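Visitor: what's the 3D shape of this:
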Amino acid sequence: MQRIIKNGQIIDETWQLLPKDASLDDIRNSGDIIVPLALWVEHDRALLARDGGLGVWLDAGEEIEEIADQLQHFQVIALNFPAFTDGRHYSTAYLLRTRYGYGGEVRAIGDVLRDQLFALRRVGFDAFALRADKDPQDALQSFADFAEVYQASADQPLPLFRRRA
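Guide: Numbers count the residues shown, from 1 in each chain. Reported below is the predicted structural model:
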């Protein structure tokens, strides 16, 4: 079973992340699932009729604006990083927290590494599914890499110079 970091703790994964080519036939009526955006767009009514928890995941080229008026249906929004160098979803997480006021779990999935976690948390991520070859225990240390931040972000809306005044 995969272990993830959520709210600064290492926990066992309880959600099933469905692959991009999943169909309704692959889904049980119960259990917590995270579906690809395309499956949600095509079968939203059937997915809402299920008994289990519901999440959606977006690939790097998919925009949160497509489902911005439906965020209340999801307990988890997972944002896929196909490569650690692809930072498009930093903006997506920030928009979820600041513009759309999303209060559920925002999870980083895909090519997620220790070096990204501090910055990912700052923009609004609160859960991290690290790449399979990385140690979550070691990655927890990244949250203590910096004692103070200068810039404003989702986790600290005031820049340092405003906080010191």
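Visitor: beta partners of the spatially most central residue of the chain?
Guide: The chain has R107 as the residue nearest its centroid, 1.9 Å off, counting by C-alpha atoms, centre = their mean. Beta-bridge partners for R107, by DSSP bridges, are A78, A127.
Visitor: I figured it hits N80, correct?
Guide: No. Counting by C-beta atoms under 8 Å, R107 does not reach N80; the two are 9.7 Å apart. From N, CA and C alone the C-beta is placed, and that goes for glycine too.
Visitor: okay, now the unreliable bits of the chain?
Guide: Residues of the chain that meet the criterion pLDDT under 70 lie in 1, 165.
Visitor: neighbours of V56, how many?
Guide: V56 sits with 28 neighbouring residues when counted by other C-beta atoms under 10 Å.
Visitor: distance check, it against R3.
Guide: 22 Å (C-beta to C-beta, to the nearest Å).
Visitor: same check on A46?
Guide: Distance of A46 to R3, given as C-beta to C-beta: 31 Å.
Visitor: more neighbours: those two, which one.
Guide: More crowded of A46 and R3, by other C-beta under 10 Å: R3, with 14 against 11.
Visitor: L17 versus that one, what's the distance?
Guide: Distance from R3 to L17, by C-beta to C-beta: 14 Å.
Visitor: cool, and R88?
Guide: The spacing between R88 and L17, counted by C-beta to C-beta, is 19 Å.
Visitor: settle it for me: which of these two has more neighbours?
Guide: Shown here are R88 and L17; by other C-beta under 10 Å, L17 has more neighbours (19 against 16).
Visitor: what's the burial count for the residue lying closest to that one once chain neighbours are set aside?
Guide: Residue nearest to L17 in three dimensions, not counting chain neighbours: I34, with 4.8 Å by C-beta to C-beta, 6 or more residues apart in numbering. Other residues lying near I34 total 23 when counted by other C-beta under 10 Å.
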